[in-house]
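> here is a sequence together with a model predicted from it:
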Amino acid sequence: MKRVFRLASVLRVRRVQEEVARADLLQANREVGRAWTDVERRDAYLESRRGGFTTGTSAAFIGSLTAGIARASDLSAARAAHQLAQDAAADRASGWTEAAARVQALESLEERHRAAVRLADEAAEQRAADDRSSAQFVARRAAEETE
C-alpha cells in the first residue's frame, strides 16, 4: 500500500478554497454590519426630524417636506442595500458550507487511508514477528533433534 495519500494535493487546494470562501463570508458579514449601521443612522436622523417641517411660508414648507421625503427615500434605499447585503452574505455562507463539505469528504478519505496504512504496517509487523517466531521454533526443533 502506498504510504502517500494520492489526493493530498487536492485536499490542500480544497482547504485553500474553503479559507477563501470563509474570508468572503466574513467580508460579506462586515458589509451587512455596515449596511445596518447606515440604516440605523438614517432612521435616527429621520426620527429626529419628525414633525420638524417649517410652517413659515409655503415654499419653506414644501422645501422642508421635500427634504423629509428625500431622507425617507434614503432610508428606504439603505434598507434595500441592507437586504442585498444579507442576501449576498447568505450566498457566501452557502458557498462556505459547500467548500467545507468538500474538505470534510477528502479529510474522511485521508483518515481512511491513514487507517489502512496503519493496518498494513501492523500486519507487516505481525508477519515479521510470526516469521521470527517460526524461525526460532525451527531453530529450537533442529537443535533438539541434533542433541
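Yep, it's here.

> so how far is A135 from A128?
According to CB to CB, to the nearest Å, A128 stands 11 Å off from A135. Every residue, glycine included, has its C-beta placed from N, CA and C.

> which elements pack onto the helix-or-strand element of the chain with minimal mean pLDDT?
When each helix and strand of the chain is scored by mean pLDDT, DSSP states H and E, helix 58-146 comes last, with a mean of 92. Where contact means 3 or more CB pairs under 8 Å, 6 or more residues apart in numbering; DSSP states H and E, helix 58-146 is packed against helix 8-48.

> the helix it packs on versus helix 58-146: what angle between them?
Inter-element angle recorded for helix 8-48 and helix 58-146: 160 degrees (by axes from the mean of the first three to the mean of the last three CA atoms, to 10 degrees).

> and helix 8-48, what does it pack onto?
Short answer (3+ CB pairs under 8 Å, 6+ apart): helix 8-48 packs on helix 58-146.

> what about the helix it packs on, distance to the chain center?
Distance of helix 58-146 from its chain centroid, counting by CA atoms, centre = their mean, to the nearest Å, is 8 Å.

> cool, thanks, talk later.
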